[in-house]
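**Q** A structural model of the following input is requested.
(one chain, ligands or ions: 2)
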Amino acid sequence: MAEAVIPSGTTSPTSHLLASLDPLLRAWLPRQRWFAGKGRPVTGFTPVAVTELLRPEGRLGLYHVLLQVHQPATLGGPAHPGDCYQLLIGVREALPPRLAPALIGHVEEGPFAGRTVYDALYDPRPAEVLLEALRSQARVGGLRFERDTGQEIREGLVARLMTAEQSNSSVVYGDTFILKVLRRVVPGVNPDLELPLALAREGCPRVPAPTAWLHADVDTESYVLAVLQPFVSGATDGWELALRELAKGEDFTAEARALGRATAEVHTALARALPTVTLGQAQLGLLVDGMTERLAAAVQAVPALLPYESGLRSAYEALGDLAAEGRTWTAQRVHGDLHLGQCLRAPSGDWSLIDFEGEPARPLAERRLPQPVARDVAGMLRSFDYAAHSASAPAADWAHRCRAAYCSGYAEAAGRDPRTDPVLLRAYETDKAVYEAVYEARHRPDWLPVPLSAIRRLAASEPI
Ligand SMILES: Nc1ncnc2c1ncn2[C@@H]1O[C@H](COP(=O)(O)OP(=O)(O)O)[C@@H](O)[C@H]1O
Ligand SMILES: O=P(O)(O)O[C@H]1O[C@H](CO)[C@@H](O[C@H]2O[C@H](CO)[C@@H](O)[C@H](O)[C@H]2O)[C@H](O)[C@H]1O
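**A** Ligands and ions are numbered 1, 2, ... in the order given. Next up is the predicted model:
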């Protein structure tokens, strides 16, 4: 990268910029899809790090910002510094019409008065600055751009922001790479980089190998901020594909079987790459307690779960009983939030798994704990049920066939059929369906009947 493109950075907060941004961000942040604190007012900000990437004397200024957002924990409660978000703030004299959706606002006072600030990820030029920084392994202030030098990054790839509904923001370069820019960031090891890197070391082809990544060092802490991966061009995700086949009345068992194999291959590679542990009675007790506590919290949040609470709890108690009899289970690193939408099918027919962040609402330490592989298997089994319930005509048989084919495919590649441990699988399916009920009640209330239908069957110990 040319020296002039990224001048010497600073991690000391640029007070002028942030002061002028404050009122604009208070209005803009809560409207963003990826903002996790919706429904509670934003009362202020603490800058964690601000790094100048392009000097604003030119046509375009560019700032990398890590910002802690002050909000009350509950509506009406006292506000305090909470989640930290990653922003790329562009500064221009005026925004061209094509960047209108990126507008944050117009600055009225101070050295930036009269300028327009906007979300620079919408703008190809700043997004290309990030790729160039990764390619050249730039260091700017506390930002460390790093790469796997064994993979080539061509110069001059054109950037475009993905428009998909997602929890973070992704930029595609040419049809070659995709950069996932994490929005809500926490210090520490991020499984979305950790696990794909471990799988790449194992030579597992089921997960795109990270090509480059961005870290920020702030005081004694380090944040993973972004991951660049090869883009699977022309891919369709498993959810889209399943719905398409359902609408046509087509069989999906061959794909379900292939997905089972892909999941097992990833699990086998993860078990080789990272430590596994044996869960005995004490650890199982903690796991069962966690499920029971999540159920109690879910019933508070979604009163429609109340009639099923004791039936659902019996799935967890059955698991506790097996542990009390001396059964043990192997635990290892897993995907943690596996569903059809996290599986990409390339035009060649090969499946890849993506998004190893785990359930974003859970603390990082919990997401990185070894767990039985049944957790991921249960996520996928729930997903076939979801697809069947989202189809225009009821498709219970379709879901049963896919679920069976997925488990058979898994058994072929792993040498162990998940159905041979029905109590564990049922406990995890129950835990996932309870999570889904809370997720849907919060984000997509119209979808609540989908997990509730499974909840009814799980609580009555009926087959799913
Ligand atoms: N390597 C890839 N190749 C092609 N598309 C991808 C790739 N990784 C992610 N995507 C697309 O980007 C979307 C968002 O990616 P994901 O990692 O799930 O982000 P988020 O955690 O923000 O939801 C996916 O649904 C998929 O469509
Ligand atoms: O955004 P993420 O991919 O991390 O996952 C969250 O959102 C998912 C919905 O987009 C949600 O998945 C649920 O709905 C899917 C269909 O839209 C279905 O395939 C999944 O089986 C079902 O769990 C996921 O639970 C949530 O964490």
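**Q** residue in the stretch 201-350 of the chain nearest to ligand 2?
**A** Minimum separation of the stretch 201-350 of the chain from ligand 2 (C-beta to the nearest ligand atom) falls at H339, amounting to 3.6 Å. (C-beta placed from N, C-alpha, C; glycine too.)
**Q** Now for that residue: which residues touch it?
**A** Going by C-beta atoms under 8 Å, 6 or more residues apart in numbering, H339 touches W239, G379, M380, R382, S383, Y386.
**Q** was I right about A323 contacting G280?
**A** Yes - contact criterion C-beta atoms under 8 Å: A323 and G280 qualify, at 7.3 Å.
**Q** Between those two, which is the more surrounded one?
**A** A323 (20 against 13; other C-beta atoms under 10 Å).
**Q** Quick one: low-confidence residue ranges for the stretch 301-450 of the chain.
**A** 394 (pLDDT under 70).
**Q** how many other residues sit next to A331?
**A** Counted with other C-beta under 10 Å, A331 comes out at 22.
**Q** For the residue in the stretch 1-150 of the chain that ligand 1 sits nearest to, give me its contacts.
**A** Closest residue of the stretch 1-150 of the chain to ligand 1, C-beta to the nearest ligand atom: W34 (7.3 Å). By C-beta under 8 Å, 6+ apart, the contact list for W34 reads Q166, S167, N168, S169, R183, R184.
**Q** If we check ligand 2, which of these are in contact?
**A** Restricting the contacts of W34 to those touching ligand 2 (C-beta under 6 Å from any ligand atom) yields S167.
**Q** Which parts of the stretch 351-464 of the chain are strands?
**A** Here the stretch 351-464 of the chain has its strands, by DSSP state E, counting those that start in this stretch, at 351-353.
**Q** How about the stretch 101-250 of the chain?
**A** 103-106, 116-119, 139-140, 143-147, 159-161, 169-173, 177-181, 184-185, 212-218, 221-230, 236-237.
**Q** what would those strands look like in JSON lines with mean pLDDT?
**A** Below are the strands of the stretch 101-250 of the chain laid out as JSON lines (pLDDT from 0 to 100):
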{"stretch": "strand 103-106", "mean pLDDT": "96"}
{"stretch": "strand 116-119", "mean pLDDT": "96"}
{"stretch": "strand 139-140", "mean pLDDT": "98"}
{"stretch": "strand 143-147", "mean pLDDT": "98"}
{"stretch": "strand 159-161", "mean pLDDT": "97"}
{"stretch": "strand 169-173", "mean pLDDT": "98"}
{"stretch": "strand 177-181", "mean pLDDT": "98"}
{"stretch": "strand 184-185", "mean pLDDT": "96"}
{"stretch": "strand 212-218", "mean pLDDT": "98"}
{"stretch": "strand 221-230", "mean pLDDT": "98"}
{"stretch": "strand 236-237", "mean pLDDT": "97"}
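**Q** Quick check: which of these is nearest to E52?
**A** strand 139-140 (8.1 Å; C-beta to C-beta).
**Q** for G105, which residues make a bridge with it?
**A** V117 (DSSP bridges).
**Q** Relative to S348, how far out is it?
**A** 46 Å (C-beta to C-beta, to the nearest Å).
**Q** between the two, which one's more packed in?
**A** Per other C-beta under 10 Å, whichever of G105 and S348 has more neighbours is G105, with 15 against 9.
**Q** hang on, the earlier thing: regarding the residue of the stretch 1-150 of the chain closest to ligand 1, what is its secondary structure?
**A** Recorded secondary structure, W34: coil (DSSP: H, G, I helix; E, B strand; the rest coil).
**Q** i'd like the first residue to be 393 from this point on
**A** Understood, numbering begins at 393; the last thing we discussed is W426.
**Q** Please list the residues of the stretch 743-856 of the chain that sit near ligand 2.
**A** So the stretch 743-856 of the chain meets ligand 2 at D747, E751, R774, S775, Y778, E828, Y831 (C-beta under 6 Å from any ligand atom).
**Q** just the helices in the stretch 693-842 of the chain please.
**A** 701-716, 756-759, 766-782, 788-806, 814-835, 841-851 (DSSP state H, counting those that start in this stretch).
**Q** ok, and which of those helices has the densest surroundings?
**A** When these are scored by mean count of other C-beta atoms under 10 Å, the highest mean neighbour count falls to helix 766-782 (a mean of 24).
**Q** Run through the residues of the stretch 593-742 of the chain sitting next to ligand 2.
**A** Residues of the stretch 593-742 of the chain lying near ligand 2 (C-beta under 6 Å from any ligand atom): W631, D729, H731, L732, G733.
**Q** switch the cut-off to 5 Å
**A** W631, H731, L732 (C-beta under 5 Å from any ligand atom).
**Q** Is V563 in contact with I570, as I believe?
**A** Yes - in terms of C-beta under 8 Å, V563 counts as a neighbour of I570; the distance is 7.2 Å.
**Q** circling back: can you redo the contacts of W426 as CSV with neighbour count and distance to L817?
**A** Shown next, in CSV, are these (neighbours: other C-beta atoms under 10 Å; distance: C-beta to C-beta, whole Å):
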residue, neighbour count, distance to L817
Q558, 14, 29
S559, 14, 27
N560, 20, 30
S561, 23, 35
R575, 21, 33
R576, 17, 31
